[in-house]
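# the following comprises the amino acid sequence and a computationally predicted model.
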Amino acid sequence: MRTLTLSVVRKNRQMKWRVIGISLLMAWAVGMFAMGFYGAEVFDASVDAQVESTNFPDVFINLDDFVDEASLTTKLDGMKANGTIEEYQLRLVLQGHYWHDGIRYPAYIIGLEDPSDQSINIIKSKEGSMEPAAGEAVAQTGMTEEGLVIGSEANLSILGQSFPLEIVGTGTSTEFLMTGTVSMGGFSLPGGVAIVFTPLDHLQTLEVNGIPIGPIVNSVAFLSDDVNAAITELNVYFETLPGDLAADVILQSSHPSVTFLRAGADEFRYIMPVMSVLFLTVGAVAILMVFQRMVQNDSRFIGVLMSMGYTNREIMKGYLGFGLVIGTIAAVLGALLGYFITVGLLDIYAQFFGDIEFVLPAVYYPFLMGAVIAYTFVLLAMLLPLSQLRKLTPREALEYHKDNRVFVTSRRVGRSRLSVMGVRNAFRVPRQTFATMIAIGLAVGVAGSWLVLADSSLTYIEDQLGSDEWDVEVNFQTVVDAGNVNATYLGLPEDSIDKLVPFRAFTALASNGDRQEPAYVTAGNDLESVRSFSLDSGEVNLSGAVIAVTLAKDLGLSVGDEITLTTVQGPIVLTVTAIVQDIMEMAVYTELDNLPGNVSVNGAFIALTDELTPADARELLYENGNIITIVLMGESWDAINEMMEGAMELYYAFFFLNGIIAFIVAAATVTIIAAEREMEYATMKSLGINKREMAWPIIVEMAILAVGAVIVGLPAAFVFADFLIAIYQEVVMYFPVAYTMFGIVFTIVLGLFFTMAAAIVPIRHADKVDVERIIRERTSG
Amino acid sequence: MSLVKLYDVSKGYRSGGEVAQVLEGLQMDAERGEMIIIMGPSGSGKTTLMNILGGIDVPDSGMVMIDGEDIAGYNPLKLTDFRRRKVGFIFQFYNLIPTLTAKENVEISLETVSSDKGSNSERATRYLELVGLEDKMHNFPQEMSGGQQQRVAIARALAKEPKIVLADEPTGNLDGAREESIMELMKDIQRDLGITFFIVTHNNKLKKYADRVLELGNGILVENGG
């Protein structure tokens, strides 16, 4: 090793804490960057593997009414014979209730010809048998909390009839990976759902009013190379059948199991690198500050090297070596962090994704890119300080004196000499003071942005929930004529209902020209009486379509434009009258009368009077065998609050993590100040100034820096939050930036706290100064 | 032929819109192996003269001939190369690199002229022995006294065997006994190796070591007679 390099390496060792601090910051940034891309790769690879290994169907068609099994089988066999479809699965999907430990859970009872079928929609065996006989069932894995364990009898009821099944095995169906969540429209809430698979012919023995329901089905899934042709052919077939067969057509790519996992990939791919860039920027500013000071402090050292005949370029190389050390630590540690945090996170994600088997693909680009990014940011950050070396002459370097200009006001500042000293020290080199404020301010801003993000999402969700004015939402097993949905039908006393709005909820393909997106349509007359809309633009008029901001953005729609909703019964063309902020990002609201065909509904919103509590209403509603789910607004609030608490904890954790980074940046910067002032501290000590008095000017100086940092940090927090939220809007969910007092005050207070906390570094440094050594060294050269 | 010859050298510095003339039409020459002591009051231009001789600074006008090269017109790169080959510096405050041991401080200078590690190591050892520091080679500067540090600085300046050595107040930071010891060491080396020394000092006691003493005042150099 060349001696010049050796001297730089030893310099590193002398500044180990500063180097470690900056390297860790950069490593964390690189780790997040790598984690972002690697995590996305893991999710994508896992989705692909899951889809492929389970022969996950290309299309699911869930009908709102039942069709004859034999007739549909003939049709599908024909399509299979002519090659329109490759494989199909006929299902009878019934929703009911499941009782366990006195709690009633919504239940999906799925009748399959052969639950162990390996040709399509494979249920991966987890434990026990996959071949249930009559009276037996296989439960989706991950529902042990709900008591669905092998050997137990599941106490189920369907259409008001008891239908017990003995659990003989557990398995994972890709179709129901999201068992940990229940859906409120498009929005998932935590909650238990019972999912069991039983032989189709056994489920068909279910009796309603003493008569078996017989050989009927209401769902079909198939594999096909030509999805559009297959759907079209089936739609034509369904139109020939009697009854209201409005259906949800779900493509593999838009199936919740796939979209949730792909959204997970997108979250990793977009959010992590953005956060990483924020960290990298803060790290780069810290490096810039450190090197700026280092080059200035090392001026004499540089002058001596020049006097020996070292060229400016050789000396710059020595410093670049220093940067390479930081870059290398960041790259290596960052890659390890990125990998291991991703793997660690997957365990947590696996719980949310129904025990999915995550695949760790052998891709290296996230780590290589992370390394390149680390070196690029480190080297870019060093460019400015090192560029000063380029034209430095030996005489300038040898004659360099620390800039001791002092900002002086004509008025007395502070109450004591020590306070005045603190203020003047803060503005000793105004340019550096402002640069320090900006560096710490940016770090405070990044920290604050998480608070703003948390505050904005919470405010938005609370506003949204507050806009729902119904108390109970019910969903029906089979569609009901809208005119028949009344208190009597529901089984509620007349005087207990304040407002009753029957609705038809279904998914449809929304389109505007060539642009298409799946949409959640809620059609009901007088919807405004149970739900107020947060207007983004236009005026709410349900004779047209009221659509969510995200859907409008994705389809490029504005108020006055036409939106086409493609359903089994044909297209519905509506004029967009309003664009609204909505938790259901792809929501479309319209009047029931706008739907073609029979005006039948599959749910209702109920606002109760004081005569009946929602909990009592639920007990009465359960008596209606056709009601399969009952959502109480109060419980939705609790569930959302529980979910938001989890999310908030994550945001607050990020806030504190970033706060610590702000502390590191502040500490790294003031460490140099402390080192520069060793002689002053030694002199003060020799004058008999005690520890507390020595600390005071440092505290005053840090307070000034902290105030400056917060002045920079507060607007930065909102700018960064705006940026993060824009990404969130694209990837996770829509919510606007909220400028609340909480966000502002908390950012200020904690910005001051984290910056002031860094004062401990120079205070300790001043306290530990060896007076004899410093005075001897400095006065003797 | 003189090793060093200055013709009509002038140098001024701009300060607050005015030019302060430090050297004006300065003439000087020095023979190989001579020890020249330069004296003069503060601000007389001693350090400026040393910087010009060492290729650290360039004159505004005039000619600076050193070992047959006129360095006055050299660009920074050529000046760097000149310093590498022909000049050794000894500073008042030693200016050792605190993160390197005594031996490494000498080697770092040698590495500007040779990449032969073995030869550099051997030569660094030899010169540290020459200045009497054979038992301190692996000590860091803070583990040595001021006199010992200055000996390392001398070894560092001499090890690459330059044509001239420029010493700016080399004993300014030492007590009487160490001052004597350092000056005698430099005198011995000057005699043994035939190196030309330029020493700037305020200390009249050092005159006895000089072959010639030059007095700098008002930008002009006058022979003092020693």
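Alright, I've got the coordinates.
# and residue 134, how many residues sit next to it?
All of this is about chain A. Residues near residue A:134, counting by other C-beta atoms under 10 Å in any protein chain shown, number 11. All C-beta atoms are positioned from the backbone trio N, CA, C, and that covers glycine.
# ah, I was thinking of chain B
Neighbour number of residue B:134 under other C-beta under 10 Å is 11.
# just checking, it touches residue B:128?
Yes - counting by C-beta atoms under 8 Å, residue B:134 touches residue B:128, with 6.3 Å between them.
# where does residue 45 land on pLDDT?
This is for chain A. For residue A:45, the model assigns a pLDDT of 89.
# if you could check chain B rather than the one you did, that'd help
87.
# my guess is it meets residue B:13, correct?
No - assessed by C-beta under 8 Å, residue B:45 is found out of contact with residue B:13, at 10.1 Å.
# got the contact list for residue A:523?
A:503-505, A:589-592, A:594-595 (C-beta atoms under 8 Å, 6 or more residues apart in numbering or on different chains).
# now do residue B:123
Residue B:123 touches B:106, B:110, B:159, counting by C-beta under 8 Å, 6+ apart.
# could you do residue A:714 as well?
A:444-445, A:448, A:744, A:747-748, A:751.
# which one (most neighbours) among the residues you listed?
Most surrounded of the contacts of residue A:714: other C-beta under 10 Å gives residue A:444, at 36 neighbours.
# ok, it touching residue A:708?
No - using C-beta under 8 Å, residue A:444 makes no contact with residue A:708, being 10.2 Å away.
# low-confidence ranges, chain B, go.
Where chain B drops to pLDDT under 70, the residues are B:16, B:224-226.
# outside of stretch B:166-186, which residues touch it?
So stretch B:166-186 is contacted by A:780-781, B:35, B:46-47, B:50, B:53-54, B:87-94, B:131-132, B:145-147, B:150-151, B:153-154, B:157, B:165, B:197-203, B:205-206, B:209 (C-beta under 8 Å, 6+ apart).
# okay, buried residues for it please.
B:166-174, B:178-179, B:181-183, B:185-186 (16 or more other C-beta atoms under 10 Å in any protein chain shown).
# also stretch B:17-27?
For stretch B:17-27, by 16+ other C-beta under 10 Å, it's B:22-24, B:26.
# looking at these, which is nearest chain A?
Nearest to chain A among those, counting by C-beta to the nearest C-beta, is residue B:22 at 12.3 Å.
# how much space between that closest one and residue A:138?
97 Å (C-beta to C-beta, to the nearest Å).
# ok, now residue A:677?
Taking C-beta to C-beta, one finds residue A:677 at 73 Å from residue A:138.
# buried members of the contacts of residue B:123 into ChimeraX, please.
Entered in ChimeraX, the line below selects the buried ones among these, by 16+ other C-beta under 10 Å:
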select /B:106,110,159
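# looking at the contacts of residue B:123, which are in helices?
Within the contacts of residue B:123, residues falling in helices by DSSP state H are B:106, B:110, B:159.
# how about the strands in chain B?
Assigned strands in chain B, in chain order: B:4-15, B:18-30, B:35-39, B:61-66, B:69-70, B:87-90, B:164-168, B:196-200, B:212-217, B:220-223 (criterion: DSSP state E).
# from the rest of the structure, what touches the fourth one?
In this case it means strand B:61-66. With C-beta under 8 Å, 6+ apart, strand B:61-66 has contacts from B:2-10, B:25-26, B:52-53, B:70-72, B:82, B:86, B:163-164.
# returning to what we had before: just the ones of the contacts of residue A:714 in strands?
Using DSSP E, none of these sit in strands.
# out of those, who's nearest chain B?
Nearest to chain B among the contacts of residue A:714, with distances taken as C-beta to the nearest C-beta, is residue A:444, at 34.1 Å.
# residues contacting the closest one?
Neighbours of residue A:444 in contact, by C-beta under 8 Å, 6+ apart: A:659, A:662, A:709-710, A:712-714, A:716-717, A:747, A:751, A:754-755.
# buried ones among the residues you listed?
When the contacts of residue A:444 are checked for burial by 16+ other C-beta under 10 Å, the buried set is A:659, A:662, A:709-710, A:712-714, A:716-717, A:747, A:751, A:754-755.
# list phi and psi for residue B:60.
When read as degrees, to the nearest 10, the backbone of residue B:60 gives phi -70, psi -30.
# that one contacts residue B:12, doesn't it?
Yes - contact status for residue B:60 versus residue B:12: in contact at 6.1 Å, counting by C-beta under 8 Å.
# of these two, which one has the most company?
Each of residue B:60 and residue B:12 has its neighbours counted (other C-beta under 10 Å); residue B:12 has more, 18 against 15.
# which parts of chain B sit against chain A?
Residues of chain B lying near chain A by C-beta under 8 Å from any C-beta of the partner chain: B:51, B:54, B:56-57, B:76-77, B:80-85, B:87, B:89, B:91-95, B:97, B:99-100, B:104, B:107-109, B:111-113, B:142, B:146, B:149, B:156, B:173.
# repeat that for 6 Å
B:51, B:56-57, B:80, B:83-84, B:89, B:93-95, B:97, B:99-100, B:104, B:107-109, B:111-112, B:146, B:173 (C-beta under 6 Å from any C-beta of the partner chain).
# now, which of the residues you listed lie within helices?
B:51, B:80, B:83-84, B:104, B:107-109, B:146.
# neighbour count: residue A:677 and residue A:138, which is higher?
residue A:138 (31 against 21).
# averaged pLDDT, stretch A:676-695. What do you get?
76.
# for stretch A:360-377, that is, sorry about that
So the average pLDDT for stretch A:360-377 ends up being 88.
# again, but for stretch A:561-576
Stretch A:561-576 comes out at a mean pLDDT of 83.
# that stretch: end-to-end distance?
6 Å (C-alpha to C-alpha, to the nearest Å).
# contact partners of it?
A:235, A:246-247, A:508-511, A:544-545, A:547, A:557, A:559, A:590, A:596-597 (C-beta atoms under 6 Å, 6 or more residues apart in numbering or on different chains).
# now do stretch A:478-486
With C-beta under 6 Å, 6+ apart as the criterion, stretch A:478-486 contacts A:64, A:244, A:502, A:599-602, A:604.
# how about stretch A:756-771?
Contacts for stretch A:756-771 (C-beta under 6 Å, 6+ apart): A:663, A:666-667, A:670-671, A:674, A:678, A:681-682, A:685-686, A:691, A:694-695, A:698-699, A:702, A:706.
# in it, which residues are buried?
Applying 16+ other C-beta under 10 Å to stretch A:756-771 flags A:756-763, A:765-766, A:769 as buried.
# mind checking which of those residues are in strands?
Using DSSP E, none of these sit in strands.
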